[in-house]
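In: model the structure of this input:
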Amino acid sequence: MFLSMPMAANAESPYYASNALYSTYTSNGLSQQDEMLAIQAVYSCRCAISTVKREDRALENARRLLLVERKEKIPEFMIGMTLAAACSESCFNDKAKGDHKFSRNGKPKAIGILQLWPWVEKYGVDRRNLESSATFWLTHIKRQLRKTKRLCKPRTKKRAWKQAWVTAVRAPKRGGRCNETVKHWRRFLKIQKIKRSIASSEIDGC
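Out: Predicted coordinates for the structure are as follows:
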């Protein structure tokens, strides 16, 4: 995955080398709805459940991703965006390595559950740590909101996030990427549909 360059790091940044100390979250803080969302998101991602070992790891990682989204106060209408990206990028594998074809020596350029490239490490990001990678990824997208609101003038908050997302994960482009969509968007809409179904079931008492 390619991420457009964020602003320069500084000592106050949570990604600055001395501050980037991330621990593995436990899933105790998840609501019952989020727990169900994590499970169904993984089961809808075929490559994540090809073996029992992969399935168990994917379920735990999906829970951890949702905890990061909640910690970062992602709005309800965008909850599940890391789940969509994680399925497409790594099949929920936080040890994944990819994008070998972009490397001269054949070594992987993309590392981790969201397949971040080496340049993010200068901001203190540990690409092999799920929480570090997901926190950076989400924060970087949030930083694009002001830019896309000014440039694209979206009519809804969800469209603003959609534009910020594609702006964050692709190379800078003159005129912006107002009418483009990330490859994860269709899967994200599916996850949002699952989320609404879970909420509806609870309301109906099922």
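In: rest of the way, CA atoms for contacts and neighbours
Out: OK.
In: partners of the lowest-mean-pLDDT helix or strand in the chain, with directions?
Out: Counting by mean pLDDT, DSSP states H and E, the chain has its least confident helix or strand at strand 97-98, which shows a mean of 82. Applying DSSP bridges, strand 97-98 is found paired with strand 110-111 (antiparallel).
In: average model confidence for the partner strand?
Out: Strand 110-111 carries an average pLDDT of 88.
In: helix or strand right after that strand?
Out: helix 130-152 (DSSP states H and E).
In: on that earlier part again, now the least confident helix or strand of the chain, how far from the centre of its chain.
Out: 16 Å (CA atoms, centre = their mean, to the nearest Å).
In: try stretch 122-142
Out: On CA atoms, centre = their mean, the centre of stretch 122-142 falls 9 Å from that of its chain.
In: in it, what counts as buried?
Out: Buried residues in stretch 122-142, defined by neighbour count with 16 or more other CA atoms under 10 Å: 123-142.
In: likewise stretch 77-91?
Out: 78-91.
In: can I get those residues in JSON lines with secondary structure?
Out: Converted to JSON lines, these look like this (DSSP: H, G, I helix; E, B strand; the rest coil):
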{"residue": "78", "secondary structure": "helix"}
{"residue": "79", "secondary structure": "coil"}
{"residue": "80", "secondary structure": "coil"}
{"residue": "81", "secondary structure": "helix"}
{"residue": "82", "secondary structure": "helix"}
{"residue": "83", "secondary structure": "helix"}
{"residue": "84", "secondary structure": "helix"}
{"residue": "85", "secondary structure": "helix"}
{"residue": "86", "secondary structure": "helix"}
{"residue": "87", "secondary structure": "helix"}
{"residue": "88", "secondary structure": "helix"}
{"residue": "89", "secondary structure": "helix"}
{"residue": "90", "secondary structure": "helix"}
{"residue": "91", "secondary structure": "coil"}
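In: which one of these is nearest residue 200?
Out: residue 79 (16.0 Å; CA to CA).
In: how close does the closest one get to residue 195?
Out: In this view, residue 79 and residue 195 are 9 Å apart by CA to CA, to the nearest Å.
In: if I pick the residue most central in space within the chain, what's in contact with it?
Out: Central residue of the chain (CA atoms, centre = their mean): residue 82, 2.8 Å from the mean position. Contact analysis of residue 82 by CA atoms under 8 Å, 6 or more residues apart in numbering lists 65-66, 69, 134.
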